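[1] Sharing a model that was predicted from the sequence below.
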Amino acid sequence: MNGTSSGSATLRAPAARRSFARPVALVGRSAAMNAIKSVASTVASRQCTVMILGETGAGKEMVARYIHAQSDRCAAPLIPVDCSALSDTLFESQMFGHVQGAFTGAVRESLGFVRAADGGTLFLDEVGELSLPLQAKLLRVIQERCVTPVGDTRPHQVDVRIVAATHRDLAAMVREGTFRQDLYFRLNVVVTTLPPLRERAEDIVPLANHFLQKQAELYDEPMRQLSAAAAGALQRHHWPGNVRELANAMESAHVLAQGECIELSDLPVRLQSPQPASAETPELCLTELERRTIAEALRRTDFCKAKASRMLGINIQRLNRRIERLNISTRG
Ligand SMILES: Nc1ncnc2c1ncn2[C@@H]1O[C@H](COP(=O)(O)OP(=O)(O)OP(=O)(O)O)[C@@H](O)[C@H]1O
């Protein structure tokens, strides 16, 4: 995910308010995408919390940005918060900010995510990754809409819309006791589900063209068209990595294509032959794809994590967590 206001997991709030009103091109014409666009217009003038459910890479942050851009709040920022990067010890300062000198290293005042989003949208990504103690603290913010920066005595009232996202089954987590029920109900006000890309086939070619157009603009080159064979292969693929996998495939196809068209042979090899009906569950496929993609990015960058994280379009903390979770070797 690419946070435009501040970078998705950066822990620094923007110093000054700018105008963030920018159109967001949410590509897709499936029934699911139309339903999401209709939710965005329904909630545009309201403060209500929106929960976005969907697999990794399906476009949850993109939808959050679209909802924000359509809303009355679009002149204020959308502040993305990667909940999996929030730390138990620094939560207050990360979320509520601090005054200068509040603790060693607090050399200047920080707004924190919540106040940085005042008047706009606070996007809580990966909300299912929050530990139970942090869930309790977040619940208080949502209920009171009021924060007290570390080292300050005065509470600050804030006007934020909360949009949360997760790939997890929060209801199951509530049953297991790993997610607070009261927070679950607070977040689940308007719920919108983004189906995986393989379940909205009519979005695949428009999205592929959108990414090819972006590549063409980036390199100031003419846009390459998809050949019928290439378009057919895209339609048949299972897309375990969802829209992010498609974006990466179009980036490499644009670079590799020699002619005016993207041919079947320009696509990544795994897309070129029809896939056998998989006995694996999508979760297994997705994990394996993630492991291979990260291992390949590390290999191509001589195991430089900073370069690999840029190549993958994620921040280095997220890369580190995935390396640890997937037990990937970080040595050549
Ligand atoms: N409908 C869409 N139109 C245009 N671009 C899209 C769309 N959906 C997703 N994308 C692009 O695909 C990429 C992945 O999307 P995004 O980061 O929103 O997914 P995500 O579900 O939030 O991922 P994660 O679960 O890893 O946080 C981004 O580059 C995003 O811009």
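    Nice, I can see it. Numbering: from 1, shown residues only.
[2] Count the neighbours of the residue nearest to residue 161 when sequence neighbours are not counted for me.
    Distances taken as C-beta to C-beta, 6 or more residues apart in numbering put residue 121 closest to residue 161, at 4.8 Å, once the chain neighbours are dropped. No exception for glycine: its C-beta is placed from N, CA and C like everyone else's. Neighbour count for residue 121, taken as other C-beta atoms under 10 Å: 26.
[3] Check what pLDDT residue 121 gets.
    Looking at residue 121, its pLDDT stands at 96.
[4] who's in contact with it?
    64, 67-68, 71, 73, 76-79, 160-163 (C-beta atoms under 8 Å, 6 or more residues apart in numbering).
[5] lowest-confidence helix or strand of this protein?
    Sorting the helices and strands of the chain by mean pLDDT, DSSP states H and E puts helix 282-300 at the bottom, at a mean of 76.
[6] does that one come close to the ligand?
    No: Helix 282-300 is not in contact with the ligand by C-beta under 6 Å from any ligand atom; minimum separation 9.7 Å.
[7] returning to what we had before: what are the bridge partners for the residue nearest to residue 161, then?
    With DSSP bridges as the criterion, residue 121 is bridged to residue 78, residue 161.
[8] what do you get for the one 4 residues further on?
    The partner list for residue 125 in beta bridges (DSSP bridges) reads residue 82.
[9] Make sure it is actually in contact with residue 165.
    Yes: if you go by C-beta atoms under 8 Å, residue 125 and residue 165 touch, sitting 5.2 Å apart.
[10] joint contacts of the two?
    60-61, 64.
[11] re earlier: let's have the contacts of residue 121 in TSV, adding distance to the ligand.
    Output for the contacts of residue 121, formatted as TSV (distance: C-beta to the nearest ligand atom, whole Å):
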residue	distance to the ligand
64	8
67	12
68	13
71	17
73	19
76	20
77	17
78	12
79	15
160	19
161	17
162	16
163	11
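[12] Among those, which one sits closest to residue 241?
    Nearest to residue 241 out of these is residue 64 (C-beta to C-beta; 19.2 Å).
[13] Could you export the least confident helix or strand of the chain as CSV, CA atoms only?
    Only the C-alpha atoms of helix 282-300 are listed here, as CSV (Å, rounded to 0.1, in the frame of the first residue of the first chain):
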residue,chain,number,x,y,z
PRO,A,282,-6.5,-20.0,-1.4
GLU,A,283,-4.8,-19.2,1.9
LEU,A,284,-2.0,-21.7,1.2
CYS,A,285,-1.6,-20.4,-2.4
LEU,A,286,-1.4,-16.8,-1.1
THR,A,287,1.1,-17.6,1.6
GLU,A,288,3.3,-19.5,-0.9
LEU,A,289,3.1,-16.6,-3.4
GLU,A,290,4.0,-14.1,-0.7
ARG,A,291,7.0,-16.2,0.3
ARG,A,292,8.2,-16.6,-3.2
THR,A,293,7.7,-12.9,-4.1
ILE,A,294,9.6,-11.7,-1.0
ALA,A,295,12.4,-14.2,-1.5
GLU,A,296,12.7,-13.2,-5.1
ALA,A,297,12.8,-9.4,-4.2
LEU,A,298,15.5,-10.1,-1.7
ARG,A,299,17.5,-12.1,-4.1
ARG,A,300,17.2,-9.4,-6.9
